[in-house]
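*Asks:* Next comes the sequence, and after it the predicted model I'd like to discuss.
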Amino acid sequence: MFVLDAAGNSILCMHGGISPKLTSLQDILDIPKPIVDPNTNELAGDLLWSDPMIGLKGYKPNSVRGVSVHFGEDVLEEVLEKLDLRMIVRGHQMMMNGFNFFHSQKLVTVFTAASYYPEKANRGAVLYVSADFRVGFKILVPQKGEGGKKVFRGDHEMSNDYDDGHVRKADEELKQSNPDI
């Protein structure tokens, strides 16, 4: 499953990137759901897997991933104008500093998984958007603790206490251990 959101019709958020099949926001709504295999729908596959490429004009097959396309700044600009958007926010690619801008800050890749490749010690980032559409980031900085266990610095110190895979502790347990939550 993937979720796309047009925040105030100014910022479009997705997992991957744009597509040659994307001509309107209605195209996204018209994708048949549920999708068992997103690669059976070219638009859905591109929204999940396409990547920006500096210096590219247009689109070209994404030979790195083996699915979808790479897209250039020219077609990003066309899509932004056609859909009346200021920015596209995407995830899907590891960024050493947790985020990276493309095409004069009209697209940003946000990658939240700090230490995705433990040998590279990448940072993670969380994007926030203010009411007046200013964007900012919280950076997640991994460090090694006792026994090589991942440790996060700053506002995220307590995340290690609750990082037990995909299972989350009950809200009541969190409130008892940290009344500021």
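*Replies:* Everything's here; your move.
*Asks:* List the buried residues for stretch 46-54?
*Replies:* Residues of stretch 46-54 classed as buried by neighbour count (16 or more other CB atoms under 10 Å): 46, 47, 48, 49, 50, 51, 52, 53. Where you see a C-beta, it was placed from the backbone N, CA and C, and this is true even at glycine.
*Asks:* can you list those in CSV and add secondary structure?
*Replies:* Listed next are those as CSV, based on DSSP: H, G, I helix; E, B strand; the rest coil:
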residue, secondary structure
46, helix
47, helix
48, helix
49, helix
50, coil
51, strand
52, strand
53, coil
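*Asks:* by contact count, what packs against whichever helix in the chain runs longest?
*Replies:* Ranked by residue count, the top helix of the chain under DSSP state H comes out as helix 73-83. In terms of contacts (3 or more CB pairs under 8 Å, 6 or more residues apart in numbering; DSSP states H and E), helix 73-83 is packed against strand 87-90.
*Asks:* where's the strand it packs on relative to the chain centroid, distance-wise?
*Replies:* Relative to its chain's centre, strand 87-90 lies at 8 Å (CA atoms, centre = their mean, to the nearest Å).
*Asks:* Quickly run through the sheet partners of it, with directions.
*Replies:* Paired strands of strand 87-90, with direction, are strand 11-14 (parallel), strand 107-110 (parallel) (DSSP bridges).
*Asks:* Which of these has the lowest mean pLDDT?
*Replies:* Ranked by mean pLDDT, the strands paired with strand 87-90 bottom out at strand 11-14, with a mean of 91.
*Asks:* and the next element down the chain from that one?
*Replies:* helix 25-29 (DSSP states H and E).
*Asks:* by contact count, what packs against that following helix?
*Replies:* helix 42-49.
*Asks:* ok, residues contacting the helix it packs on?
*Replies:* 2, 4, 14-22, 27-28, 31, 35, 38-39, 62, 65, 67-69, 92 (CB atoms under 8 Å, 6 or more residues apart in numbering).
*Asks:* For the spatially most central residue of the chain, list the residues it contacts.
*Replies:* When the chain is reduced to its mean C-alpha position, the nearest residue by CA atoms, centre = their mean turns out to be residue 91, at 1.8 Å. Residues near residue 91 by CB under 8 Å, 6+ apart: 15, 109, 110, 111, 112.
*Asks:* Going through those, which ones are buried?
*Replies:* Counted by 16+ other CB under 10 Å, the contacts of residue 91 give 109, 110, 111, 112 as buried.
*Asks:* Would you check how far apart the residue nearest to the third one when sequence neighbours are not counted and residue 54 are?
*Replies:* Across the structure, with CB to CB, 6 or more residues apart in numbering as the measure, the residue nearest residue 111 apart from its sequence neighbours is residue 95 (4.6 Å). Residue 95 sits at a distance of 14 Å from residue 54 (criterion: CB to CB, to the nearest Å).
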